[in-house]
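> Quick one, structure for this:
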Amino acid sequence: MKIGFKRGIKTKRENWEQALYASFIAQALCILGISASFPFIPLFLMKDLNITDPAAAGLWAGVMGAISSLLMAVFAPIWGIVADRYGRKMMVLRAMIGGCLLIMLMSICNDVWLLLVLRILQGALVGTVSANMALITSVTPRHRVGYALGLMQTAIFAGSSIGPLIGGVLADVISYRFAFFITSLALGVAALIVFFFVHENFEPVEADAKHPKENWREQMGQLFGQKPFVAMALILVMVQFANTIIAPVLAIYIKTLNGTAEGASTLAGLELAVTGIASAFSAVIAGRLSDRYGHRKVLVISSLAAAFLYFPQAIVGNVWELLILRAMMGLFFGGIIPSANALIAEFIPEGRKGIAYGVVNGMGSLGFGIGPLTGAIVAASFGIHWVFILTGIALLMSAYWVNLALSKINSQRKSYGLLQPQQEPSD
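As a prediction, the model looks like this:
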C-alpha cells in the first residue's frame, strides 16, 4: 500500500511515522548541539582565547552571533533550492555532519579570528530546519501535516531550551572545550539517526510545457508575488522577533520590578525559558487542533492572543505576574508556528517546498537577529515599557494582515499557481 502526492515523494504509510519520530529526535539533538554554546562563548573568549576585556568579549560574541544569523538567512533559500533538486534528506545530513565537524573544531580553536571563521561557516552550512520541514511535509499524509509540524516545532523549542542549560553545566563543571566537543557529538548522533531511520524516495519535479523549469530568481519572484505566502513568512518572522526583542533589557526590567539586581539574571533566564517550554508543550496540541479545525483558524486566534498578551507585560507589578503572562504568550506562540508552516505545506507545490521553507526560516533568522537590537534601541529611546507596547502593536498588525491575506486563498485555489492545493493522499 502506498501513499503519494501527484508530484514528488512517495512513501509507504508505515514509513512516514518512523521518519517523523526519527526526525523529531534528530532535530532536537541538532538544535541542542547548536544552542549549547550560547551561554559561555563570551567566557570562552576571555579564558581560552585571551580576550581580557569583558566588553570586547561581549562584542566579539555579538558579532559572531549576528554574522552567523545573517548568513543562515542568506543561505537557507539556497540550500532549499538544492534540496528541491537533489533531495531533502541529503541536505539534512549535510547540515548535521557539517555542524558536527565545525563545532568539534571549535573545541580545539586557539585564535579568535579562527573561531569567527568557524562561526561564519556554521551560519552558512548548518541549517537543518527548512530541509527537515520540507522532508517531513513531503512524506506525511496531508491530514496529519499539522501534527507533524507541531511535533517538529516542539523538537526545536525543546532543543533550544535544554541546549544552553546542558552547555552551561558542562562548561562550568568540566571545561568550555569539553562542552564544545560533547555537544558536537549530538549533531553526529542526529545525522546517524536520519541516515538509518529516515527513508526518502525522492523524485525531482520534471519540467514540462505546463510547468517549465525556472531559475531561482523566478522561483523567488513567484513566492513573494503571493500574498498568503508573504503573510506566513511575516508572522513567522514576527514570532522570532517578539521572542527575542525583550532579551537584552529583560534583566533590567526585572531589576526595576524587584527593586534590586540580586537574582535578576537568573529570573530573566527563567522568564525566557518558560516562554520556550510553554511553546514546546503547546506546539503538538496546536498541530492536532489545526488538523481538526483548520490551520487558518488556529493561526489567527493564536496570533491575536499572543499580541494581546504582550500589552499587559508593560504594566505588571511583579516578576511572577510577568512570568504567568509570558508562559501564556508562549502557549499561543506554539500555536502560530506549526499552523503557519502547515499552510505553507498545503499550498506550495512539491517541487518548491525546499525553497519555500528555506525562505521563511531564513527570514526567521533575521527576526531572531534583529529583535535584540530593536529592543535595546526602543528601550534606550523611549523606555522598556514601550518595547512591550510596540511589539504588541506589531503582532496585532501582522495578525490582521495574515487574516486578510488568507481570506483570498479560496479564490486562488481555483487557478494554478504557487498556492495550488496538494492532491489528497490516497491508499
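> Would you map the helices across the stretch 251-400 of the chain?
Assigned by DSSP state H, counting those that start in this stretch, the stretch 251-400 of the chain shows helices spanning 264-293, 295-310, 319-347, 353-382, 384-406.
> Next, format those helices as a markdown table and append distance to Thr154.
(C-beta placed from N, C-alpha, C; glycine too.) Compiled in a markdown table, the helices of the stretch 251-400 of the chain are given as follows (distance: least, Cβ to Cβ, whole Å):
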| stretch | distance to Thr154 |
| --- | --- |
| helix 264-293 | 5 |
| helix 295-310 | 15 |
| helix 319-347 | 8 |
| helix 353-382 | 16 |
| helix 384-406 | 22 |
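> dump the residue contacts of Leu223.
Counting by Cβ atoms under 8 Å, 6 or more residues apart in numbering, Leu223 makes contact with 229, 352, 355-356, 359, 418.
> Pipe the helices of the stretch 251-400 of the chain into CSV and attach mean pLDDT and mean neighbour count per row.
Formatted as CSV, the helices of the stretch 251-400 of the chain follow (pLDDT from 0 to 100; neighbours: other Cβ atoms under 10 Å):
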stretch, mean pLDDT, mean neighbour count
helix 264-293, 81, 20
helix 295-310, 91, 22
helix 319-347, 88, 24
helix 353-382, 80, 21
helix 384-406, 87, 19
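> related to what we said a few turns ago, closest to Val237 among the contacts of Leu223?
Ranked by distance to Val237 (Cβ to Cβ), the contacts of Leu223 are led by Val359 at 10.6 Å.
> Spatially nearest residue to Leu343 (excluding sequence neighbours)?
Among residues not flanking Leu343 along the chain, His295 sits closest, at 4.8 Å (Cβ to Cβ, 6 or more residues apart in numbering).
> Isn't that neighbour up against Ala345?
No. Using Cβ atoms under 8 Å, His295 makes no contact with Ala345, being 9.1 Å away.
> residues of stretch 127-145 that come out buried?
Neighbour-count burial for stretch 127-145, with 16 or more other Cβ atoms under 10 Å as criterion, is recorded at 127-142, 144-145.
> out of the contacts of Leu223, who's nearest Gln122?
Val359 (20.2 Å).
> looking at it, the closest one is touching Ile78, isn't it?
No. Using Cβ under 8 Å, Val359 is not in contact with Ile78, being 10.2 Å away.
> Quick one: the strands in the chain, in order.
Taking DSSP state E, the strands of the chain run over residues 2-4, 10-12.
> ok, so what distance separates the residue nearest to Leu343 from Val139?
19 Å (Cβ to Cβ, to the nearest Å).
> count of neighbours near Gly263?
Neighbour count for Gly263, taken as other Cβ atoms under 10 Å: 14.
> whoops, Gln18 was the one
Counted with other Cβ under 10 Å, residues neighbouring Gln18 total 15.
> what do you get for Ala61?
Neighbour number of Ala61 under other Cβ under 10 Å is 22.
> What of the one 4 residues further on?
In terms of burial, Gly65 registers 17 neighbours under the definition other Cβ under 10 Å.
> can you check the one 4 residues further on too?
Burial of Ser69, expressed as a neighbour count using other Cβ under 10 Å, amounts to 20.
> shouldn't it be in contact with Gly369?
Yes. Assessed by Cβ under 8 Å, Ser69 is found in contact with Gly369 at 3.7 Å.
> Now the terminal residues of stretch 43-55, how far apart.
11 Å (Cα to Cα, to the nearest Å).
> now swap in stretch 48-59 and tell me
Stretch 48-59 has an end-to-end distance of 16 Å (Cα to Cα).
> Tell me who's in contact with Phe368.
Phe368 touches 69, 240-241, 243-244, counting by Cβ under 8 Å, 6+ apart.
> count of neighbours near the closest residue to it other than its chain neighbours?
Using Cβ to Cβ, 6+ apart and skipping residues adjacent in sequence, the residue nearest Phe368 is Gln240, 4.4 Å away. For Gln240, the neighbour count with other Cβ under 10 Å is 22.
> how close does Gln240 sit to Phe157?
Taking Cβ to Cβ as the measure, Gln240 falls 12 Å from Phe157.
> can you check Glu346 too?
Applying Cβ to Cβ to Glu346 and Phe157 gives a distance of 22 Å.
> Any figure for the gap between the closest residue to Thr137 other than its chain neighbours and Phe388?
Residue nearest to Thr137 in three dimensions, not counting chain neighbours: Ala345, with 3.8 Å by Cβ to Cβ, 6+ apart. Distance of Ala345 to Phe388, given as Cβ to Cβ: 33 Å.
> what do you get for Leu20?
Separation of Leu20 from Phe388 (Cβ to Cβ) stands at 37 Å.
> My guess is Ala19 contacts Val194. True?
No. The criterion here is Cβ under 8 Å, and Ala19 misses it with Val194 at 9.1 Å.
> quick one: which of the two has more around it?
Val194 (27 against 22).
> ok, now which ones touch the residue lying closest to the more buried one once chain neighbours are set aside?
Among residues not flanking Val194 along the chain, Ala26 sits closest, at 5.0 Å (Cβ to Cβ, 6+ apart). Residues in contact with Ala26 (Cβ under 8 Å, 6+ apart) are 92, 96, 132, 190-191, 193-194, 198.
> one more time with 7 Å
Residues near Ala26 by Cβ atoms under 7 Å, 6 or more residues apart in numbering: 190, 193-194.
> Closest one to Tyr310 out of those, please.
Ala190 (33.8 Å).
> Could I get the pLDDT score of the closest one?
We have a pLDDT of 95 for Ala190.
> Can you report how many residues lie near Asn50?
Neighbours around Asn50, by other Cβ under 10 Å: 10.
> how much space is there between it and Ala57?
Relative to Ala57, Asn50 is positioned 10 Å away (Cβ to Cβ).
> Now do the shared contacts for those two.
Joint contacts of Asn50 and Ala57 (Cβ under 7 Å, 6+ apart) do not exist.
> returning to that earlier point: which neighbours do His295 and Ala345 have in common?
Counting by Cβ under 7 Å, 6+ apart, nothing touches both His295 and Ala345.
> Now stretch 138-154: average pLDDT?
On average, stretch 138-154 scores 82.
> and that stretch, how far apart are its ends?
Termini of stretch 138-154 sit 19 Å apart (Cα to Cα).
> Off-centre distance for it?
Taking the mean of its C-alpha atoms, stretch 138-154 sits 15 Å from the chain's own mean (Cα atoms, centre = their mean, to the nearest Å).
> With stretch 344-364 instead?
13 Å.
> what comes up buried for the longest helix that the chain contains?
As assigned by DSSP state H, the longest helix anywhere in the chain is helix 54-86. By neighbour count on 16+ other Cβ under 10 Å, the buried set for helix 54-86 is 57, 60-61, 64-65, 67-73, 75-77, 79-84.
> Sweet, I'm off.
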